[in-house]
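Peer 1: Sequence plus the predicted model coming up.
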Amino acid sequence: MDSSRSKCQAGRGLTRRDALALAALGLTAGMPGISQAAGPSGQLTWAAHVSLAPTWFDPAETSGIITPFMVLYALHDAMVKPMPGQPLAPSLAESWTAAEDGLSYEFVLRKGVLFHNGEPVTAEDVKFSYERYRGASHDMMKARIASIDLVDPQRVHFHLKEPWPDFLTFYGSATGAGWIVPKKYIEKVGEDGFKKAPIGAGPYKFVSFNPGVELTVEVFEGYWRKVPNVKRIVIKSIPDESTRLAALKRGEVDGIYWITGELAEDLQRTPGLKLAVGHTASQWLYFPEQWDPKSPWHDLRVRQAANLGLDRSNINQAIQLGHALLHDNAFVSAHFEFYRKAPPPPFDPAKAKQLLAEAGHPNGFDAGPLYCDAAFSNIGEAMANSLGEVGIRANLRPVERAAFYKSFSEKKYNGLIMGGSAAFGNAATRLEAFAVKGGAYAYGSYPDIDALFQQQAGELDHAKREALLFQIQQLVQEKVIAAPLWQLAALSGVGPRIGEAMIGAIAGDPWTSPYEDITLKGA
């Protein structure tokens, strides 16, 4: 590529000056880290609220949720990725350039970057990782990317079929396509072998995994950015919230994810423990049957009634201690580029009952199952109770996280779904997954929204594109494709041994990342 006819891009609407500064920052970030005199030491044990799934060890299977990044930020590294203060930070790629016509991107790899087995990370691994990718937005990316050329072992060139302003956002944050795995190793051990003993280029090496229960990783001192402070990290699955808090109080774990309500208040009263607050997933009530003329949910008035029947403020106080962000944007998070802000829907049970009566349900109706991620069953129960007060009677069906999203994406659910996503990206990436035809979690779509989405996808003018995406978000709101609940506050418990927990350090990421920046007191 002729650099005189190229401009640096850092994704997500940054100006040329911002992009150049970010690329330059990548060059300085590529300088070898200075390790501590004593080297990494100690062990940090963190209790997670979900069962650990081997699929999260493999970037190729990254779904449109944030959970896999709990593991990816430890074991693997990406060409570019979200980091503190940067929506897309140079990582394995020290810099990148985009052609002025928007039809190609070239990445330059850092020199001397290694996988955990000592093999160098090369452009061939970059191409292999992208071609092997089969996770969220796979079809969209394959449809838009024409080819990948290996310029030399340190440079890779992506050719697009048409200008795509969100290429970097999809490649670097909304999917796992830009997270790099070792081609030679995977070809040697096979797909199953890789899941059993994953090798990456991240700050920590895989040590052991007790399926669903416990993952142990150990420091990789050859990590390019810096040598991590903590020698060993253990992530334990403790699905029950009260059991997690008890383990933290006893010092069996150093930190816990997901603490709510009275237990969160108990944590705040406990000497030596503190509550860490970040903001992460948007959560909503989804109506998968709205496209079925035989379903009550096909009637807009019924969906409006459900929207007015959610007592968001009280649910927020009871479960989130008031920390959740309330707004009327079902799918798009407040920290995203192109987010359209709107005040939260009112709680109006009288109006909800009136709408149900007008729709032919004066006594309410049985809505069937309400499926939810089991880790958020308390929220699902609160939503079901609130809906029940206006006559929408639903039966809660909690499902373990990996299975929940698998069935969600395979369109197996009826009734109601408590949806949610904390996946990285922007308004377009989130809408693509949940509100547009062919989206990973879209059970149907509307022609006007689909047309606007296609129009914005190729629009290179930032202001015009923002107007189109605002229009889509307004239509999502008017059609009540989903009833927004809130943007979830990620409440975590931090024990006395932890110095820097790095909770909320990366915008929208509820986990303790980047792992190499975590510290233990006295270590």
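Peer 2: On my side now, so go ahead. Numbers count the residues shown, from 1 in each chain.
Peer 1: use CA for all of it now, contacts and neighbours both
Peer 2: OK.
Peer 1: which residue is nearest the middle of this structure?
Peer 2: The residue lying closest to the centre of the chain (C-alpha atoms, centre = their mean) is A423, at 1.9 Å.
Peer 1: State the distance from it to S377.
Peer 2: 20 Å (C-alpha to C-alpha, to the nearest Å).
Peer 1: just I472 next, same as before
Peer 2: Counting by C-alpha to C-alpha, the gap from I472 to S377 is 30 Å.
Peer 1: just to revisit the earlier point, quick one, what contacts the residue nearest to the centre of the chain?
Peer 2: 64-66, 174, 281, 430, 508 (C-alpha atoms under 8 Å, 6 or more residues apart in numbering).
Peer 1: Show only the entries of those residues found in strands.
Peer 2: If you go by DSSP state E, the contacts of A423 have A281 in strands.
Peer 1: Closest one of the contacts of A423 to F331?
Peer 2: Nearest to F331 among these, counting by C-alpha to C-alpha, is R430 at 6.5 Å.
Peer 1: residues near P293, how many?
Peer 2: Look at P293: counted by other C-alpha atoms under 10 Å, it has 10 neighbours.
Peer 1: And the pLDDT at it?
Peer 2: Confidence at P293, expressed as pLDDT, is 98.
Peer 1: how much space between it and P345?
Peer 2: Relative to P345, and taking C-alpha to C-alpha, P293 is found at 26 Å.
Peer 1: Same question for F128.
Peer 2: For F128, the distance to P345 - C-alpha to C-alpha - is 46 Å.
Peer 1: buried ones in the longest helix seen in the chain?
Peer 2: Criterion DSSP state H: the longest helix present in the chain is helix 462-479. For helix 462-479, burial by neighbour count (16 or more other C-alpha atoms under 10 Å) applies to 465-466, 468-474, 476-477, 479.
Peer 1: Same check on stretch 495-504?
Peer 2: For stretch 495-504, the neighbour count (16+ other C-alpha under 10 Å) marks 495-498, 501-504 as buried.
Peer 1: now the end-to-end length of it.
Peer 2: First residue to last in stretch 495-504 (C-alpha to C-alpha) measures 16 Å.
Peer 1: what mean pLDDT would you report for it?
Peer 2: Averaged over stretch 495-504, pLDDT sits at 94.
Peer 1: Likewise for stretch 307-319?
Peer 2: Stretch 307-319 comes out at a mean pLDDT of 97.
Peer 1: Need the residues that contact it.
Peer 2: 260-262, 322-324, 326, 345-349, 351-352, 378-379, 382-383, 386-387, 389-390, 480, 483-486.
Peer 1: Inside strands: which ones of the residues you listed?
Peer 2: 483-486.
Peer 1: and of the buried residues of stretch 495-504, the nearest to P165?
Peer 2: Distance to P165, by C-alpha to C-alpha, is smallest for G504 among the buried residues of stretch 495-504, at 27.1 Å.
Peer 1: State the distance from the closest one to P68.
Peer 2: 16 Å.
Peer 1: so where do the helices sit in the stretch 151-300 of the chain?
Peer 2: Taking DSSP state H, counting those that start in this stretch to define them, one finds helices in the stretch 151-300 of the chain at 167-169, 183-196, 241-250, 261-269, 300-308.
Peer 1: now, of the ones you listed, which is deepest in the fold?
Peer 2: By mean neighbour count, with neighbours taken as mean count of other C-alpha atoms under 10 Å, helix 300-308 ranks first of these at a mean of 24.
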